[in-house]
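Chemist: Take this sequence and fold it.
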Amino acid sequence: MKNRASYLTMLLAFFAIPLTANAQIDKLTSPVPGVETINPQGINAAPHFAPLITSTSAKTIYVSGMTGELNNEATELEEYEVQLRQAFEKIGLALKAVGATPANIVRQRILIVGISQEHTVPTRKVMREFYGDIRPTSTATGTSGLFNPDHLVEVDVTAVLD
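Modeler: Alright, predicted model coming up:
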């Protein structure tokens with residue numbers, strides 16, 4: 001069991017590996033007033049999430065964990081991507097209900113059932129589709145299962161409005 005825990009730790013670290021060697025940026029412009037994305041010196045930031053975000057916002061939005069629905073016509077990894085995309089679609093709908101967009105998201109957490117290195121590519125792909133150039137802080141972690149055993153992924157986010 002110790003080896004499995006070490007393996008999962010290694011996989012989780014993989015999500016944080018920067019894709020570019022020279023990713024040192026002090027501050028990035030945010031489309032949301034009162035939100036500042038910061039990359040402290042000495043931390044190489046991956047292109048799909050930010051290491052640090054500050055907010056002087058007056059309103060914080062917490063979106064509960066969203067999951068996707070089964071399409072029953074895909075391999076497990078394809079099904080994971082479908083469910084992840086559907087979870088983000090639901091997050092988009094929730095944000096729209098309060099006048100927010102993905103640009104307002106400052107924090108996301110992704111729970112992945114049976115996480116493996118193979119989840120990296122579809123996760124980054126779907127995140128880029130949803131966020132574009134926006135880079136919230138992010139944590140992806142593995143889990144043995146979710147409340148509904150058919151669900152493969154769950155995503156919750158925190159957003160701010162000025």
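Chemist: count of neighbours near the nearest residue to A50 once chain neighbours are set aside?
Modeler: Nearest non-adjacent residue to A50, counting by CB to CB, 6 or more residues apart in numbering: R135, 4.2 Å away. To be clear about C-beta, it is placed using only N, CA and C from the backbone, and glycine gets the same treatment. Residues near R135, counting by other CB atoms under 10 Å, number 22.
Chemist: Tell me if I'm right that R135 and P47 touch.
Modeler: Yes: R135 is in contact with P47 according to CB atoms under 8 Å; the separation is 7.4 Å.
Chemist: So which helix or strand of the chain has the lowest pLDDT on average?
Modeler: Ranked by mean pLDDT, DSSP states H and E, the weakest helix or strand in the chain is helix 2-15, scoring a mean of 45.
Chemist: quick one: secondary structure of Q86?
Modeler: helix (DSSP: H, G, I helix; E, B strand; the rest coil).
Chemist: pLDDT value on it, please?
Modeler: At Q86, the model reports a pLDDT of 95.
Chemist: Give me the three-state assignment for the nearest residue to it once chain neighbours are set aside.
Modeler: Of all residues not flanking Q86 in the chain, G68 sits nearest, at 3.1 Å (CB to CB, 6+ apart). At G68 the chain is in coil, as set by three-state DSSP.
Chemist: Need phi/psi at G68.
Modeler: Torsion angles at G68 (phi, psi; degrees, to the nearest 10) stand at phi -110, psi 170.
Chemist: one step back: am I right that the residue nearest to A50 sits in a helix?
Modeler: No: with three-state DSSP as the criterion, R135 is coil rather than part of a helix.
Chemist: Give me the pLDDT value at it.
Modeler: pLDDT, R135: 90.
Chemist: Please report phi then psi for it.
Modeler: According to degrees, to the nearest 10, R135 has phi -130, psi 90.
Chemist: for this structure, what spans make up the helices?
Modeler: Along the chain, counting by DSSP state H, helices occupy 2-15, 76-97, 120-131.
Chemist: Going by neighbour count, list what's buried in the shortest one.
Modeler: Of the residues in helix 120-131, those scored as buried under the neighbour-count criterion (16 or more other CB atoms under 10 Å) are 122-124, 126-127, 130-131.
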